[in-house]
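Engineer: what's the 3D shape of this:
(chains A and B)
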Protein chains: 2
Amino acid sequence: MNEVREHMLNTVADMSGEPTGAYNIRVNGKSEGRASTKNIQIESREDGKGINIYVKPGTKNEFAHIPVVIDNSGLVDMVYNDFYIGDNCDIQIVAGCGIHNDGTHLTQHDGIHTFHVGKNSKVKYVEKHYGEGGGSGENVLNPVTIIHLDEGSNLEMESVQIEGVNSTKRVTEATIADDASLTIKEIIMTSGTQSATTDFTVDLNGENSSVALSSRSVAKDNSKQYFYSVINGNNACTGHSECDAIIMDNAMVKAVPDVTANHVDASLIHEAAIGKIAGAQINKLLTLGMTEEEAEQEIVNGFLR
Amino acid sequence: MNEVREHMLNTVADMSGEPTGAYNIRVNGKSEGRASTKNIQIESREDGKGINIYVKPGTKNEFAHIPVVIDNSGLVDMVYNDFYIGDNCDIQIVAGCGIHNDGTHLTQHDGIHTFHVGKNSKVKYVEKHYGEGGGSGENVLNPVTIIHLDEGSNLEMESVQIEGVNSTKRVTEATIADDASLTIKEIIMTSGTQSATTDFTVDLNGENSSVALSSRSVAKDNSKQYFYSVINGNNACTGHSECDAIIMDNAMVKAVPDVTANHVDASLIHEAAIGKIAGAQINKLLTLGMTEEEAEQEIVNGFLR
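Structural biologist: Numbers count the residues shown, from 1 in each chain, chains lettered A, B, ... in the order given. The predicted structure follows:
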């Protein structure tokens, strides 16, 4: 690993040196390091287009890291990662993708992650997306996450995109069985002429199923953000979707939730708020001696923390 | 006027006997009574497809009633009513449509109302929609409301549909200039196999323009409700959209707000909540001696008041 790649692995997957637990590190479209453990088995797919990750029933307190790094300008990479998580597990999965683009070519990664989460299992899934590099080529990241939650299971997803991604379309689809729950926290910041689209679709099929979606975003400069979230309440269930966006400069933010109650015991709530930083907040920080830029930065950092 | 028609005029337009002020009463597709006043002139359109209503600048505290009644089963009626309201007015307009259908035929009224509201004018617009009759023919009402608000003007719209309408598609479009504001309050109840669609599109084009949309609805039995509201913040403006729905029995409710901030000083908020009547509310009324049905009815009435 060279310094650039190490920096990116640290940024997108909090990795320094070899990770503990199971891992697969994909660099420029190829596996450059892999380890399985007794309970978490990582195998190449037969079609060669990615990996399958098998987690034995009852696996607790284990990690899997599956980061992706690209520093080959012009590469367009697509990968399928399928997780088969047994019953009664409690594990954490760290994905994430970093692109270092020093060239003039559009460089792209599309990661399609499918989670089959067994009964009463608990999964924390963290993914970070990040771009950097001195080239003029665009960085494009299109993560797709497909989640199937069996009875009594729970998945908590944290998705963060802070900088350097010119264009992203983030699609997440979930089906949720009886007594299962999904929590998604998304943080996005865009600047320049970047564009980011988020598209959630959640089917609350199970009795006593639930979902809580929360998105916090900051749109700066001339960037554009689109937030779509579809929640279908098909049984006795609760759904909550919340989108808070700070708009700055000449940016544009669109929020389109879509909640449907198909069952008398479905309870669905959506909230969305788009606005600029409040003047009073800025003024308070100005009196503490900050410049206006510093004050804005401080408020944005706090909002996205 | 026979008793049936009088009852419907009273229900949809609070009219008993001849109204004060300007009016046009449309029965089964034809004008059956009309009066203009010094300040409010009602004229047939040249194309014969409806009326134009001219309100002189500075007109204050005057009314216009333009109700529609249909008791001819099988009639499909479409009418264009265009309002040209001068500057500095303060008036109230009452529309509304009632269908009495004793036959087997689908009976339909599509009223397309366009409002040109002059500078600093204030308009209250009330429309009620209602169906009745012992026949098996369906009652269909598709009101379209197009609103252009000039600088500093204000329109407050109250739209109510309580019963007897098998199918409705209610489209409202508005453009709002500097310092102008729009308030819309919608109340809908559906039952049986009825379906109701509400579709708002509001362009906040003016500096310091604002809109507040609020929808309260109850969906009973196997009925279906669809709520769409698009708010585009194209200038320094505030927009608020709020949709509260009570779902009962096997009903379905869908809410799809769509808020877009195209300007850094656009502040947009959406809230939607769909759920059944809270058990605690019912229980409280049961202890007061009501039956469960009476308790539900009481709560629904309060919610829609």
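Engineer: From A:Val126, how far off is A:Gly50?
Structural biologist: Computed as C-beta to C-beta, to the nearest Å, the A:Gly50 to A:Val126 distance reads 19 Å. To be clear about C-beta, it is placed using only N, CA and C from the backbone, and glycine gets the same treatment.
Engineer: ok, now A:Gly96?
Structural biologist: Shown here: A:Gly96 relative to A:Val126, a distance of 7 Å by C-beta to C-beta.
Engineer: which residue ranges form the strands in the stretch 151-300 of chain A?
Structural biologist: Assigned by DSSP state E, counting those that start in this stretch, the stretch 151-300 of chain A shows strands spanning A:154-161, A:167-176, A:181-190, A:195-204, A:209-219, A:224-233, A:237-247, A:252-261, A:266-275.
Engineer: Please name every helix or strand in contact with the fourth one.
Structural biologist: If I follow you right, that is strand A:195-204. Contacts defined by 3 or more C-beta pairs under 8 Å, 6 or more residues apart in numbering or on different chains; DSSP states H and E place strand A:195-204 against strand A:167-176, strand A:181-190, strand A:209-219, strand A:224-233, strand A:237-247.
Engineer: Please apply the same query to the fifth one.
Structural biologist: Where contact means 3+ C-beta pairs under 8 Å, 6+ apart, strand A:209-219 is packed against strand A:167-176, strand A:181-190, strand A:195-204, strand A:224-233, strand A:237-247, strand A:252-261, helix A:292-304.
Engineer: Neighbouring strands - and their directions - for that strand?
Structural biologist: Strand pairing for strand A:209-219, using DSSP bridges, gives strand A:181-190 (parallel), strand A:237-247 (parallel).
Engineer: Select, out of those strands, the one closest to B:His7.
Structural biologist: Among these, strand A:237-247 comes nearest to B:His7, with 42.7 Å by C-beta to C-beta.
Engineer: tell me the angle the closest one makes with strand A:167-176.
Structural biologist: Between the axis of strand A:237-247 and that of strand A:167-176 there is an angle of 170 degrees, by axes from the mean of the first three to the mean of the last three C-alpha atoms, to 10 degrees.
Engineer: Tell me how far strand A:237-247 lies from the chain's centre.
Structural biologist: Distance of strand A:237-247 from its chain centroid, counting by C-alpha atoms, centre = their mean, to the nearest Å, is 15 Å.
Engineer: any idea of the angle it forms with strand A:195-204?
Structural biologist: Using the same axes, to 10 degrees, the inter-axis angle of strand A:237-247 relative to strand A:195-204 is 170 degrees.
Engineer: CA atoms only: put strand A:237-247 into CSV for me.
Structural biologist: Provided in CSV are the C-alpha atoms of strand A:237-247 (Å, rounded to 0.1, in the frame of the first residue of the first chain):
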residue,chain,number,x,y,z
CYS,A,237,-45.9,-0.5,11.6
THR,A,238,-44.2,2.8,12.2
GLY,A,239,-42.2,4.8,9.8
HIS,A,240,-40.4,8.1,10.2
SER,A,241,-38.6,10.1,7.6
GLU,A,242,-36.7,13.3,8.3
CYS,A,243,-34.7,15.5,6.0
ASP,A,244,-32.9,18.6,7.2
ALA,A,245,-30.9,20.6,4.7
ILE,A,246,-28.9,23.8,4.9
ILE,A,247,-28.8,25.7,1.6
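Engineer: Could you dump the helices and strands packed on strand A:195-204 into a markdown table with mean neighbour count and mean pLDDT added?
Structural biologist: Output for the helices and strands packed on strand A:195-204, formatted as a markdown table (neighbours: other C-beta atoms under 10 Å in any protein chain shown; pLDDT from 0 to 100):
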| stretch | mean neighbour count | mean pLDDT |
| --- | --- | --- |
| strand A:167-176 | 21 | 97 |
| strand A:181-190 | 22 | 97 |
| strand A:209-219 | 22 | 97 |
| strand A:224-233 | 23 | 97 |
| strand A:237-247 | 23 | 97 |
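Engineer: Pull up the residues of chain A that are close to chain B.
Structural biologist: By C-beta under 8 Å from any C-beta of the partner chain, the part of chain A that sits against chain B consists of A:233, A:245, A:247-262, A:264-276.
Engineer: Of the residues you listed, just the buried ones, PyMOL syntax please.
Structural biologist: A single PyMOL command is used to select the members of those judged buried by 16 or more other C-beta atoms under 10 Å in any protein chain shown:
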select buried, chain A and resi 233+245+247+248+251+252+253+254+255+256+257+258+259+260+261+262+264+266+267+268+269+270+271+272+273+274+275+276
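Engineer: Nearest to chain B: which residue in the stretch 101-250 of chain A?
Structural biologist: Nearest to chain B, among the residues of the stretch 101-250 of chain A, is A:Ile247, at 5.0 Å (C-beta to the nearest C-beta).
Engineer: in the sheet, who's paired with that residue?
Structural biologist: Beta bridges link A:Ile247 to A:Ala219 when assigned by DSSP bridges.
Engineer: try A:His100
Structural biologist: Beta-bridge partners, per DSSP bridges, of A:His100: A:Glu132.
Engineer: Could you pull up the residues touching it?
Structural biologist: Applying C-beta atoms under 8 Å, 6 or more residues apart in numbering or on different chains to A:His100 gives the contacts A:4-5, A:8, A:69-71, A:131-133.
Engineer: Then A:Val126?
Structural biologist: A:Val126 neighbours (C-beta under 8 Å, 6+ apart): A:92-96, A:157-158, A:160.
Engineer: how about a cut-off of 7 Å?
Structural biologist: Contacts of A:Val126 were listed using C-beta atoms under 7 Å, 6 or more residues apart in numbering or on different chains, and they are A:94, A:158.
Engineer: Number of residues surrounding A:Gly101?
Structural biologist: Quick fix: residue A:101 reads Asn, not Gly. Using other C-beta atoms under 10 Å in any protein chain shown, A:Asn101 is surrounded by 26 other residues.
Engineer: no wait, A:Asp221
Structural biologist: 13.
Engineer: out of everything not next to it in sequence, what's closest to A:Val4?
Structural biologist: Distance criterion C-beta to C-beta, 6 or more residues apart in numbering or on different chains; nearest residue to A:Val4, sequence neighbours excluded, is A:His100 at 5.3 Å.
Engineer: okay, the one you found: pLDDT?
Structural biologist: Per-residue pLDDT puts A:His100 at 94.
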